[in-house]
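A.B. asks: Sharing a sequence plus its predicted fold:
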Amino acid sequence: MGNLNIFLENKNRIGAALKEVKINYRPYDPGNYLYREICKEKDINKKFEDRFIELIYVTLSAWNMNSRGAKLSDFEDFKGSIKTNKNQIVNLSKYRIEKIREIEFEIVTKRLEHLFYKLKLVGKNKNNKEKPRLVTFSKTMHFLLPDLVMPIDRKYTLNFFYDNVSINPKLNLQFKKFSHIFKECSSFALKSKLNSKLDNNWNQNIPKIIDNIIIGYSKRR
């Protein structure tokens, strides 16, 4: 299993990983452009307007959440689910991953768990079984709460932390992986002081910087 402490032990790895992403990771890809559009919106309440939820949906598609092994729910269901859970999401918007105190961590995790079970973001396969929620949930939450939640994917994140890309269909086990990664990233963010790495491209916030460190490190390795 991977451990983010390897970047604390050797700070040069952080710079090298982020340089790898800057040069070689989807520089003129639609997903990059759409992500920068997502990050322009700073008003949490405007993120529940139809236009922004549609932008989330399109960006998820650009990030391969509606192809291969992933499938988004119908847009109207997707939109309605987010709007229904607005209050819970807004309540989390005051937290930043690098500033969560230990006494707050359980509260934040419980609220994220509530959303994990309530949000209807993924569709079903041809056997009428729901696709795994873990990746789509993390990316959607990142777009809504970019300073709190890191986007998770199979290729880089799950490989880094678990040396495999499998996701158990049981929801409790999916959230267990999410909460483990969230805790590891929160602890790393607190110790690593990544504010100097912020930019207007892929490194728009601390959670995405952590994601990019993992991507860049994995690509170099």
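C.D. replies: The structure has been received and is ready for your questions.
A.B. asks: alpha carbons only for contacts and neighbour counts from here, please
C.D. replies: Will do.
A.B. asks: Can you pull the phi/psi pair for the residue nearest the centre of the chain?
C.D. replies: For the chain, Pro151 is the residue whose C-alpha lies nearest the centre (CA atoms, centre = their mean; 1.6 Å). Torsion angles at Pro151 (phi, psi; degrees, to the nearest 10) stand at phi -70, psi 140.
A.B. asks: ok, and what's touching the longest helix seen in the chain?
C.D. replies: For the chain, the longest helix by residue count, based on DSSP state H, is helix 171-192. Residues from elsewhere that reach helix 171-192 (CA atoms under 8 Å, 6 or more residues apart in numbering): 4-5, 8, 97-100, 109, 113, 116-117, 132-134, 138, 149-150, 161, 167-168, 206-207, 210.
A.B. asks: Drop anything exposed from the residues you listed.
C.D. replies: 4, 97-98, 100, 109, 113, 116, 132-134, 138, 149-150, 161, 167, 206-207, 210 (16 or more other CA atoms under 10 Å).
A.B. asks: Just the ones of those in strands?
C.D. replies: Members of these lying in strands (criterion: DSSP state E): none.
A.B. asks: Buried residues, stretch 37-44. List them.
C.D. replies: Residues Ile38, Cys39 are the ones in stretch 37-44 that count as buried (16+ other CA under 10 Å).
A.B. asks: and the end-to-end length of that stretch?
C.D. replies: Taking CA to CA, to the nearest Å, stretch 37-44 runs 15 Å from one end to the other.
A.B. asks: which residues are in contact with it?
C.D. replies: Contacts of stretch 37-44 (CA under 8 Å, 6+ apart): Lys47, Phe52, Leu55, Ile56, Val90, Ser93, Phe143, Leu144, Pro146, Gln204.
A.B. asks: Met147 reaches Ile206, doesn't it?
C.D. replies: Not Met; residue 147 is Asp. Yes: judged on CA atoms under 8 Å, Asp147 makes contact with Ile206 at a distance of 6.3 Å.
A.B. asks: Which pLDDT value belongs to the residue nearest to Lys22 when sequence neighbours are not counted?
C.D. replies: Leaving aside its sequence neighbours, Lys22 sits nearest to Trp202 (CA to CA, 6 or more residues apart in numbering; 7.6 Å). According to the prediction, Trp202 has pLDDT 95.
A.B. asks: My read is that Trp202 contacts Tyr33, right?
C.D. replies: No: judged on CA under 8 Å, Trp202 makes no contact with Tyr33 at a distance of 9.6 Å.
A.B. asks: Which strands or helices does the lowest-mean-pLDDT helix or strand in the chain pack on?
C.D. replies: Lowest by mean pLDDT, DSSP states H and E among the helices and strands of the chain is helix 5-9, with a mean of 92. On a contact count with 3 or more CA pairs under 8 Å, 6 or more residues apart in numbering; DSSP states H and E, helix 5-9 meets helix 171-192.
A.B. asks: Lovely, talk soon.
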